[in-house]
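1. Just a sequence and a predicted model for now, questions to come.
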Amino acid sequence: MSVKVVRGMSFIGLLLSFLSITLGGLPAASASLIGPLTVQITSPASDSQMPAGTVAISGTSAAIFILAVEVTIDGSFPGYRLARPAAPGDWSTWSIDYELPAGSHYFLARVTALNGQAWHSVGVYGTSDTPRPIDVRITSPASNSQLPNGIVTVNGTAAGTDISAVEVTIDGNFSGYQLDIPVAPDDWSKWSIDYNLPAGPHYFLARVTAASGQEWDSVGVIGTTGMSSPGSVKDCSELPVRDFRGVSFIDESLVRRETGGLPSSTQYVIESMQHIKDNGFTAIRVPYNWESYVYNSTEFINRIQLIAEAAQANEICVFFANFHYFTSSYWHLQGGAKARGNGFPSFVLKDFPATNNDYIQTAGPFWNAFLSNSIIINGRNVWNVQAEFFKDIIDRVDRYDSVAGYEILNEPHLFDPSQYQKLGNYHTYMANEIREVSDKKIFFDRETTWGFTRSPSLEPMVSPRGVTGIVYAPHLYAIPYPDSQGENQIENFKNWSQQWDSEVLIGEMAPVNQDEADQYLKVLQENGFGWAAWSWKQSQSTGLGRTYYESDTAPATEVLEILVAAMAKVY
């Protein structure tokens with residue numbers, strides 16, 4: 001029996017087929033990634049004869065970000081059971097114990113991953129039974145063919161005892177099977193059917209039904225009218241950020257405290273990317289914090305990769321942003337926003353105790369030491385330690401064309417005007433460290449000041465020096481109406497970026513009505529600035545943003561409708 005491969009399925013459908021296997025079928029196709037996609041039952045061997053009882057089934061799989069490997073008996077789709085991976089998140093090998101009834105049966109393994117699903121089956125026989133072969137193959141079109149959408153002839157072969165039918169459906173619609181035409185009455189050795197192929201990526205699924213059971217085969221094809229290859233996206237690091245119209249994508253798995261917290265679901269990522277694309281956004285800014293990495297580095301890095309892959313499959317550009325909110329949870333400050341602190345891990349702050357439950361008294365000494373690079377951790381300065389953390393992220397996702405770049409630090413805190421130059425030194429060091437391992441864009445933020453008033457005359461000092469491919473990503477919560485503070489800030493951003501030879505992307509903004517959204521987008525478009533609204537979904541640190549997404553089943557939020565309407569007017 002052969003490996004069965006399906007490509008071109010929607011991300012939402014992939015997850016639903018994993019989480020809701022009682023649906024009894026596979027969902028409609030959408031954009032997907034092209035990459036390895038296999039599952040193999042390695043034990044027991046095909047055509048083994050064995051007694052009824054507990055059978056140990058083991059196998060291998062390979063795909064792009066595997067969500068699950070499941071096994072069922074005799075093709076029962078409601079009967080899939082989750083296998084055990086070799087290690088959490090490692091499905092390269094897997095195993096499961098299954099109760100084998102007396103008689104002849106077959107085990108069917110299914111892998112579900114971001115780039116599709118694949119099957120493999122092996123038949124086993126009771127000790128007194130005779131093996132009864134069964135097989136079906138689609139011989140044309142070839143797998144991954146690009147075809148003009150319209151009528152396509154699907155051809156194939158079948159073998160088995162007393163075949164009653166060969167049927168074909170598209171995209172796994174189990175209620176939509178159509179009966180094929182045999183080469184001669186009751187001769188299913190060859191068969192064919194004409195099927196209407198829509199534009200886009202899809203797959204044909206053939207099923208043979210015989211006295212000896214059922215078997216399936218599938219091929220993925222692409223209807224080419226108006227379509228590019230599935231999962232294709234231009235290299236986002238080479239696109240101008242003025243084309244980035246985005247949102248900050250909050251994933252709780254990336255912003256948990258060092259002591260833990262509930263992760264967001266994989267379904268949330270998959271659904272959100274589809275909605276972000278469908279609503280006309282072209283980019284996402286993805287906050288993460290160091291504490292979450294320390295809590296569970298494997299889960300953290302896997303989620304970073306999942307987002308990069310899901311963004312690529314939906315032709316969305318992404319840049320990852322190193323975040324903090326009131327520095328850290330380590331101090332356990334009480335009252336107001338400072339109680340929701342998150343960001344730097346405890347091993348960085350252990351020499352800086354909380355003082356009088358006051359944020360300035362507590363955080364001021366830490367930030368001065370951090371921006372001076374005078375904190376030593378196991379014999380290494382803190383900037384070097386943080387750079388290694390960045391490089392772990394870059395090593396996992398830099399190969400994706402969806403990844404536009406990396407943001408050094410969200411809203412660095414300054415407590416004295418002398419720290420402007422120190423912030424520039426920090427940005428320069430980190431930009432050079434990133435440039436050693438990546439040629440993608442490097443984003444840097446505007447400072448937030450504490451205990452003194454921000455000084456525009458000193459702000460040009462914060463830029464990385466001697467590094468190309470930089471993007472200034474200040475936040476703009478003042479609406480840029482004529483003769484307003486917001487308009488003055490836009491002018492400053494433009495002037496500074498010309499001095500630095502940098503692009504500009506407004507890293508956060510939050511229009512609350514149609515007039516504000518229209519004004520934001522009009523001014524940003526006129527000045528050639530990209531933008532990312534805050535935020536797709538609120539995190540525990542809510543800040544000043546608005547929620548653009550609640551769930552896959554909830555109606556669009558009002559602020560999402562406002563922003564989408566503004567995009568339609570301006571772009």
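-> The structure has been received and is ready for your questions.
2. Please make it C-alpha for all contacts and neighbour counts, starting now.
-> Will do.
3. quick one: buried residues of stretch 280-287?
-> 281-287 (16 or more other C-alpha atoms under 10 Å).
4. I meant stretch 439-454, not that one.
-> For stretch 439-454, by 16+ other C-alpha under 10 Å, it's 440-447, 449, 454.
5. Now flag whichever of the buried residues of stretch 280-287 is closest to residue 257.
-> Distances from residue 257 to these, taken as C-alpha to C-alpha, are shortest for residue 287 (13.3 Å).
6. Now name the helix or strand holding the closest one.
-> strand 283-288 (DSSP states H and E).
7. for this structure, where's the lowest mean pLDDT among helices and strands?
-> Least confident helix or strand of the chain, by mean pLDDT, DSSP states H and E, is strand 4-6 with a mean of 34.
8. Show residues contacting the following helix or strand past the strand holding residue 287.
-> The helix or strand immediately downstream of strand 283-288 is helix 290-295, counting by DSSP H and E. The contact list for helix 290-295, computed with C-alpha atoms under 8 Å, 6 or more residues apart in numbering, reads 253-260, 300-301, 322-323, 328, 342-346, 389.
9. What subset of those is buried?
-> Applying 16+ other C-alpha under 10 Å to the contacts of helix 290-295 flags 253-258, 300-301, 322-323, 328, 342-346 as buried.
10. Of those residues, just say which sits nearest to residue 428.
-> Of the buried ones among the contacts of helix 290-295, the one sitting nearest to residue 428 (C-alpha to C-alpha) turns out to be residue 322, at 15.6 Å.
11. Just the buried positions in stretch 419-430, please.
-> Here stretch 419-430 shows 419-430 as buried, counting by 16+ other C-alpha under 10 Å.
12. Keep only those of the residues you listed that are in helices.
-> 419-430 (DSSP state H).
13. re earlier: can you list the buried residues of stretch 419-430 in CSV and add pLDDT?
-> Putting the buried residues of stretch 419-430 into CSV (pLDDT from 0 to 100) gives the following:
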residue, pLDDT
419, 98
420, 98
421, 98
422, 98
423, 98
424, 98
425, 98
426, 98
427, 98
428, 98
429, 98
430, 98
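14. Quick check, residue 263 in contact with residue 250.
-> No: Residue 263 is beyond contact range of residue 250, at 11.1 Å (criterion: C-alpha atoms under 8 Å).
15. Of the two, give the one with the bigger neighbour count.
-> residue 250 (22 against 15; other C-alpha atoms under 10 Å).
16. so the more buried one is in which element?
-> Using DSSP H and E, residue 250 maps to neither a helix nor a strand.
17. Need phi/psi at it.
-> Main-chain dihedrals, residue 250, degrees, to the nearest 10: phi -90, psi 120.
18. Just give the closest residue to it, not the sequence neighbours.
-> Distances taken as C-alpha to C-alpha, 6 or more residues apart in numbering put residue 537 closest to residue 250, at 5.8 Å, once the chain neighbours are dropped.
19. That neighbour should be in a helix, yeah?
-> No: with DSSP: H, G, I helix; E, B strand; the rest coil as the criterion, residue 537 is coil rather than part of a helix.
20. Not counting sequence-adjacent ones, nearest residue to residue 524?
-> residue 530 (6.9 Å).
21. Looking at the one you found now. What's its pLDDT?
-> If you check residue 530, the pLDDT there is 98.
22. Around it, count how many other residues there are.
-> For residue 530, using other C-alpha under 10 Å, the count is 22.
23. quick revisit: now flag whichever of the buried residues of stretch 280-287 is closest to residue 383.
-> Proximity of the buried residues of stretch 280-287 to residue 383 (C-alpha to C-alpha) peaks at residue 287, which lies at 19.3 Å.
24. From residue 571, how far off is residue 188?
-> Counting by C-alpha to C-alpha, to the nearest Å, the separation of residue 188 from residue 571 is 56 Å.
25. Looking at these two, which one has more neighbours?
-> Legend: neighbour count by other C-alpha under 10 Å for residue 188 and residue 571, higher for residue 188 (24 against 10).
26. Contacts for stretch 350-362 next, please.
-> Outside stretch 350-362, the residues that touch it by C-alpha under 8 Å, 6+ apart are 326, 331-334, 338, 363, 365-366, 415, 450-451.
27. how does this structure divide into domains?
-> Domains of the chain are assigned by automatic domain parsing as 1-130, 132-228, 236-570.
28. what separates the shortest one from the chain centre, distance-wise?
-> Think domain 132-228. 32 Å (C-alpha atoms, centre = their mean, to the nearest Å).
29. Equivalent analysis for stretch 352-369, please.
-> That offset, for stretch 352-369, works out to 36 Å (C-alpha atoms, centre = their mean).
30. So which of the buried residues of stretch 280-287 is the closest to residue 518?
-> For the buried residues of stretch 280-287, the nearest to residue 518 is residue 281 (15.5 Å; C-alpha to C-alpha).
31. Now do the contacts for that closest one.
-> Residue 281 touches 244-247, 316, counting by C-alpha under 8 Å, 6+ apart.
32. Most neighbours of all the residues you listed, which one?
-> residue 316 (31 neighbours).
33. Go ahead and confirm residue 56 touches residue 96.
-> Yes: if you go by C-alpha under 8 Å, residue 56 and residue 96 touch, sitting 6.0 Å apart.
34. out of those two, which sits in the more crowded spot?
-> A direct count of neighbours by other C-alpha under 10 Å for residue 56 and residue 96 places residue 96 higher, at 17 against 13.
35. can you pull the buried residues of stretch 153-166?
-> So, applying 16+ other C-alpha under 10 Å, buried residues of stretch 153-166: 154-160, 163, 165-166.
36. right, and the secondary structure at residue 531 would be what?
-> Per three-state DSSP, residue 531 ends up strand.
37. so how far is residue 244 from the residue nearest to it when sequence neighbours are not counted?
-> Among residues not flanking residue 531 along the chain, residue 506 sits closest, at 4.4 Å (C-alpha to C-alpha, 6+ apart). Separation of residue 506 from residue 244 (C-alpha to C-alpha): 10 Å.
38. which neighbours do these two share?
-> Counting by C-alpha under 8 Å, 6+ apart, the residues touching both residue 506 and residue 244 are 530-532.
39. from those, which is closest to residue 108?
-> Closest approach between the shared contacts of residue 506 and residue 244 and residue 108, by C-alpha to C-alpha: residue 532, at 44.9 Å.
40. neighbours of the closest one, just the number please.
-> Using other C-alpha under 10 Å, residue 532 has 25 other residues around it.
41. right, and it touches residue 286 too?
-> No: using C-alpha under 8 Å as the test, residue 532 is too far from residue 286 to be in contact (10.0 Å).
42. Now for those two: what residues contact both?
-> Common contacts of residue 532 and residue 286 (C-alpha under 8 Å, 6+ apart): residue 248.
43. Pull the contacting residues for the nearest residue to residue 529 once chain neighbours are set aside.
-> In this structure, residue 529 finds its nearest non-sequential neighbour in residue 242, 4.7 Å apart by C-alpha to C-alpha, 6+ apart. Contact partners of residue 242, counting by C-alpha under 8 Å, 6+ apart, are 504-505, 525, 528-531.
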